[in-house]
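*Asks:* give me a 3D structure for the following:
(one chain, ligands or ions: 1)
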Amino acid sequence: MIDQERLADLNEGETTSLQRDMEHLAGQLDRPGRISAAEVIDALSEFSVAAPSWAVGTGGTRFGRFPIGGEPRTTEEKIDDVAALNALTASNRSISLHVPWDDPVDPDGLRGYAADRSIGFDAMNSNTFQDNPSTTADGKVSYKFGSLANSDPAVREIAIEHNQYVIDLGVRLGSRALTVWLADGMNHPGQADHRTQFERVADGLRTIHDHLPDDWQMYTEHKPYEPAFYATVNFDWGSSLLLAQAAGPKTSCLVDLGHHLPNANIEQIVSRLAMVGRLGGFHFNDSKYGDDDLTTGSIQPFQLFLIFCELIRVGDGRLPPLAYMIDQSHNIKDPLEDLIQSTEAVSIAYAQALIADRAALHQAQDDNDAALAQETLQVAFRTDVRPLVAEARRLAGGAIAPLEAYRAVGYRAAMIERRGLASVATGL
Ligand SMILES: [Mn+2]
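*Replies:* Numbers count the residues shown, from 1 in each chain. Predicted coordinates:
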């Protein structure tokens with residue numbers, strides 16, 4: 001665990017320069033009618049982005065995996081890692097489980113274990129894209145040709161039952177949502193009928209929706225390709241919206257930033273989904289080519305900022321209460337370092353969107369003044385808001401400089417000592 005006294009010592013060494021930066025920034029933000037530094041810090045203090053249980057392992061590709069050592073061996077140890085992350089960032093207060101990669105035998109005990117570490121359970125993730133004895137009736141059925149879209153009704157039924165099981169498990173853990181990502185589709189043209197596949201998935205989601213408790217939400221997550229290389233049933237936001245509408249009122253769309261074809265205008269997609277009340281949440285990551293799962297904000301920070309501007313419009317000055325999660329792969333970085341950097345990137349984008357002069361932007365839009373509209377956005381985007389993010393973390397008991405603190409406390413080395421060099425977390 002992260003030693004709080006050591007953290008306080010490390011923060012002590014950073015305090016003077018942070019105060020100096022904060023004074024400068026607070027002066028910059030001090031304008032009549034504009035949001036103050038204190039209000040931004042207040043908003044940031046309420047913000048939390050979930051860490052998925054599969055992101056505390058090193059990940060890898062089908063070409064290879066290079067574990068870093070000290071990876072969590074159990075769901076409890078994954079929770080330990082997220083608790084350590086949250087101790088540093090003060091902005092990762094929940095974990096998102098993935099069943100059957102995580103399938104606790106004692107959900108009540110696990111809920112208490114997480115609560116003792118101030119970690120809650122974010123959306124549950126069902127997995128019907130891999131065969132697994134616990135989800136496919138001891139190997140008697142297979143998801144090779146899809147799950148909810150499968151031509152075999154017995155396979156569709158097993159997939160529905162698995163989702164219902166994940167909901168029931170989530171209820172015991174205190175989760176409030178189910179995220180459904182399906183690999184269903186076709187690898188070859190003509191392999192199946194587009195419309196029949198879609199209708200089967202819609203029917204399956206409707207049945208799963210009707211199993212949701214009243215206070216639950218279900219999210220449909222689209223992805224254009226892989227593992228189905230020719231056509232994926234839920235391949236874009238339009239299909240995702242149609243599926244959500246078909247499933248029922250407690251269903252909305254989840255936007256994974258990497259799950260778009262190159263150059264898609266994601267902020268516009270966000271606006272559309274919010275407009276019709278079907279924007280459910282986000283999986284944050286970044287990409288250069290497609291679903292690369294790169295560190296959030298590492299490639300297109302301006303796009304991330306524009307997405308947060310849309311969200312602030314939806315929330316009328318604050319983030320709307322959606323499901324916010326990081327979903328990325330850490331092939332060669334220490335996963336916790338990558339999560340620290342991603343959490344920072346998301347917080348920065350939020351702070352930048354908060355300080356944007358919305359009134360001036362709206363006026364410029366009404367006046368058809370494109371130059372001034374761009375200038376208004378650029379003023380916010382080019383402002384170095386990192387002192388605000390650091391100050392929010394400090395006030396919440398986190399680290400002023402979380403990456404440096406993570407290294408200084410020697411967390412990874414301690415975990416290698418405890419869990420071994422060869423431990424490998426479950427996941428892809
Ligand atoms: Mn995702």
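
*Asks:* so the residue positioned nearest the centre of the chain is in which element?
*Replies:* Among the residues of the chain, the one closest to the centroid is Met325, at 1.8 Å (C-alpha atoms, centre = their mean). Using DSSP states H and E, Met325 sits in strand 323-326.

*Asks:* can you point out the buried residues in the helix or strand just after that strand?
*Replies:* Next helix or strand after strand 323-326 toward the C-terminus (DSSP H and E): helix 335-355. Neighbour-count burial for helix 335-355, with 16 or more other C-beta atoms under 10 Å as criterion, is recorded at 335-355. The C-beta positions use only the backbone N, C-alpha and C, and glycine is treated the same way.

*Asks:* count of neighbours near whichever residue of the stretch 101-250 of the chain sits closest to the ion?
*Replies:* Per C-beta to the ion, the residue of the stretch 101-250 of the chain with the smallest distance to the ion is Glu221, at 5.6 Å. Applying other C-beta atoms under 10 Å, we find 20 residues neighbouring Glu221.

*Asks:* same question, Gly60
*Replies:* Gly60: 17 surrounding residues under other C-beta under 10 Å.

*Asks:* could you check how far it is from the ion?
*Replies:* 17 Å (C-beta to the ion, to the nearest Å).

*Asks:* can you read off the pLDDT for the residue nearest to that residue when sequence neighbours are not counted?
*Replies:* Spatial nearest neighbour of Gly60, excluding adjacent residues (C-beta to C-beta, 6 or more residues apart in numbering): Asn331 at 5.9 Å. We have a pLDDT of 88 for Asn331.

*Asks:* is any part of stretch 274-284 close to the ion?
*Replies:* Yes: legend: contact between stretch 274-284 and the ion by C-beta under 5 Å from the ion is shown at His283.

*Asks:* spatially nearest residue to the residue nearest to the centre of the chain (excluding sequence neighbours)?
*Replies:* Ala50 (4.1 Å).

*Asks:* and that neighbour, backbone torsions?
*Replies:* Main-chain dihedrals, Ala50, degrees, to the nearest 10: phi -70, psi 150.

*Asks:* residues near it, how many?
*Replies:* 25.

*Asks:* pull the contacting residues for it.
*Replies:* Asn92, Arg93, Ser94, Ile95, Ser96, Asp122, Ala123, Ala323, Tyr324, Met325, Ile326 (C-beta atoms under 8 Å, 6 or more residues apart in numbering).

*Asks:* please apply the same query to Gln303.
*Replies:* Applying C-beta under 8 Å, 6+ apart, the residues near Gln303 are Leu257, Ile266, Glu267.

*Asks:* gap between the closest residue to Val385 other than its chain neighbours and Glu39?
*Replies:* The spatially closest residue to Val385, leaving aside those adjacent along the chain, is Ala351, at 4.0 Å (C-beta to C-beta, 6+ apart). Relative to Glu39, Ala351 is positioned 11 Å away (C-beta to C-beta, to the nearest Å).

*Asks:* just His98 next, same as before
*Replies:* 36 Å.

*Asks:* next SSE after the longest helix anywhere in the chain?
*Replies:* Longest helix of the chain, by residue count under DSSP state H: helix 4-29. Note on helix 4-29: by DSSP H and E, the next helix or strand toward the C-terminus is helix 37-46.

*Asks:* and that next one, C-alpha only, in CSV?
*Replies:* The C-alpha atoms that make up helix 37-46 are tabulated as CSV, following Å, rounded to 0.1, in the frame of the first residue of the first chain:
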residue,chain,number,x,y,z
ALA,A,37,-9.8,28.5,-9.7
ALA,A,38,-11.6,27.4,-6.5
GLU,A,39,-14.7,26.3,-8.5
VAL,A,40,-12.5,24.3,-10.9
ILE,A,41,-10.9,22.5,-8.0
ASP,A,42,-14.3,21.8,-6.5
ALA,A,43,-15.5,20.3,-9.7
LEU,A,44,-12.3,18.2,-10.1
SER,A,45,-12.6,16.9,-6.5
GLU,A,46,-15.9,15.3,-7.4
